[in-house]
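[1] here's a sequence, model it:
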Amino acid sequence: MSDSMLGGITVLDLATVGPAARTSRWLADYGARVVKIGAPPAQHGVQITPPFYAYAGHRGMQRALLDLKTPAGVDAFLRLAANADVVIESFRPGVMDRLGIGYDAVKTVSPRVVYCSTTGYGQDGPHAQWAGHDLNYLGMGGYLDCTGRDPSGGPALPGATIGDGAGGGMHAVIAILAALVQRAATGEGAYLDVAVADGVVALMSLAIDEYLATGEVPGPRHGLLTGRFACYDVYECRDGRWLTVAAIEPRFWANLCRALGCEQWSAHQTDDDAQDTIRADLRAAFAQRDRDEWVKALGPADTCVAPVSSIPEVATDPHLTARHVFVDAERVSGQPDHETELRADRSEDATVRSRDDGDSLRQVGWVLAGMDRGQQSVVREPTVSDTDALLVDAGLDAATVAQLRSEGVIA
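    Model prediction:
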């Protein structure tokens, strides 16, 4: 068993994109053995193919291609599931049962399995069969209505797929880990109905609970954390770049006022009648210097000021680089060399190399707490399949595997 946190845990993931794909990505980064289940090439088009770099290029994962619309393909999947701890799927409610690989079928061969279904709206309810994506769930969960407005006056589109990432992906990871802890104590598996819309509601619970408790209707500029006061806002600097200011605590606000020459506002942090004037003074002050000058002066001064960074700036940020947030993955065409895969590479120089020169691929590394950041990332070509070896390990003989391949059931 691996020393990593999820070493010894095997996950089958039937998703190609979206929340479930994020879930298996994080589980793999914590050390789980993840097998991506896909369709044979003859069925290309039935699933979305993500860009080669998405989900960290599926580093450290295996891949099996099965025709789940055939009895032999279903049998092959169940053989793999018999040795799996976790199954993740993201089809609409009812599809997995119709294929013959729903929770009840998998539980028959793997009684202790943790089976996670991720959908937009859940397995039941009036919207259960609706198609949807991140923006729909953010709208339904109240996120967009509480967000800033675009020039037309409508809710601004978010800059990240928060619903998929946090409302779905992290939601599923939390649920799976809780189920595995429970299984360790009771021996019982679990079925998990992960709805992204539910996850967005959980993310919005501060605002929703406020409304439920007080009747106040949250929205843009309604509260402290949505920009009601000048101490929590974004400001443009002389060079046209922007700063975030989040001086919530009175002492941080006083520090900021002092540094900007606006001491007269230190005692008026939450004075509603003064906010327009305070903002005008802060805008005038920030317009006197470039963004990075302000960051250098205010960042270490207990003022809660930081830059609004572009993605290229994020990728070269010295703080993130020092924390080994980015790695260079080795791109290989076949099976990875195990020794190479495990080779540590944490040099400072390695974190600032080129994005993609054909042999390496710059990517986000193992950034969440508890992940082993001292790993070498290896990304295989997306056409590489481990199907034969996985099925032999699952108990099929080589002749049967060859027959399935010749019939197009596997690839």
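[2] C-terminal to the helix or strand containing residue 108, what's the next element?
    Secondary structure assignment for residue 108, by DSSP states H and E: helix 103-109. Following helix 103-109 in sequence order, the next helix or strand is strand 114-119 (DSSP H and E).
[3] from the chain's centre, how far out does that next one sit?
    Distance, stretch centre to chain centre, for strand 114-119: 16 Å (CA atoms, centre = their mean, to the nearest Å).
[4] show residues contacting it.
    Outside of strand 114-119, the residues within contact range by CB atoms under 8 Å, 6 or more residues apart in numbering are 15, 18-20, 23, 85-93, 96, 103, 106-107, 123, 128, 168, 172, 175-176, 179-180, 183, 189-196. Glycine gets a C-beta too; all of them are placed from N, C-alpha and C.
[5] drop anything exposed from these.
    By neighbour count, with 16 or more other CB atoms under 10 Å, these hold 15, 18-20, 23, 85-91, 93, 96, 103, 106-107, 128, 168, 172, 175-176, 179-180, 183, 189-196 as buried.
[6] these in strands, which ones?
    With DSSP state E as the criterion, strands contain 86, 87, 88, 89, 190, 191, 192, 193, 194, 195 from among these.
[7] what is the burial count for residue 140?
    Around residue 140 there are 19 other residues, counting by other CB atoms under 10 Å.
[8] okay but it is in contact with residue 200, surely?
    Yes. The criterion here is CB atoms under 8 Å, and residue 140 meets it with residue 200 at 7.2 Å.
[9] residue 372 should be in a helix, yeah?
    No. If the criterion is DSSP: H, G, I helix; E, B strand; the rest coil, then residue 372 is coil and not within a helix.
[10] tell me which helix or strand comes right after the lowest-mean-pLDDT helix or strand in the chain.
    Ranked by mean pLDDT, DSSP states H and E, the weakest helix or strand in the chain is helix 338-342, scoring a mean of 39. Of the helices and strands lying after helix 338-342 in sequence (DSSP H and E), the nearest is strand 360-364.
[11] give me the element residue 64 is part of.
    Element membership for residue 64, per DSSP H and E: strand 62-65.
[12] what lies in contact with the next helix or strand after that strand?
    Next along the chain after strand 62-65, taking DSSP H and E as the criterion, comes helix 71-81. The contact list for helix 71-81 (CB under 8 Å, 6+ apart) reads 12, 35, 37, 64, 66-68, 87, 99-101, 105-106, 109-110, 113, 390-391, 394-396, 404, 407, 409-410.
[13] neighbours of residue 398, just the number please.
    Neighbours of residue 398 under the rule other CB under 10 Å: 10.
[14] count of residues packed around the nearest residue to it once chain neighbours are set aside?
    In space, residue 398 comes closest to residue 392 once its chain neighbours are excluded; the distance is 6.2 Å by CB to CB, 6 or more residues apart in numbering. Counted with other CB under 10 Å, the neighbours of residue 392 add up to 13.
[15] all helices in the stretch 201-350 of the chain, in order from the N-terminus.
    With DSSP state H, counting those that start in this stretch, the ranges of helices along the stretch 201-350 of the chain come out as 205-214, 250-260, 275-286, 291-298, 311-315, 318-322, 338-342.
[16] show me what contacts the residue nearest the centre of the chain?
    Among the residues of the chain, the one closest to the centroid is residue 165, at 3.6 Å (CA atoms, centre = their mean). Residues in contact with residue 165 (CB under 8 Å, 6+ apart) are 19, 22.
[17] that one and residue 137, how far apart?
    11 Å (CB to CB, to the nearest Å).
[18] got it, and residue 28?
    According to CB to CB, residue 28 and residue 137 sit 24 Å apart.
[19] kindly report the same for residue 296.
    Residue 296 is 39 Å from residue 137, by CB to CB.
[20] who has more neighbours out of the two?
    Higher neighbour count among residue 296 and residue 137: residue 137, with 27 against 12, using other CB under 10 Å.
[21] could you find the closest non-adjacent residue to that one?
    residue 163 (4.0 Å).
[22] count of neighbours near the one you found?
    Residue 163 has 30 neighbours, counted by other CB under 10 Å.
[23] what helix or strand is the residue nearest to residue 398 on?
    Assigned by DSSP H and E, residue 392 falls in helix 387-393.
[24] circling back to that earlier point, and the helices of the stretch 201-350 of the chain as TSV, adding distance to residue 58?
    What follows is these, written out as TSV (distance: least, CB to CB, whole Å):
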stretch	distance to residue 58
helix 205-214	33
helix 250-260	42
helix 275-286	43
helix 291-298	36
helix 311-315	21
helix 318-322	23
helix 338-342	13
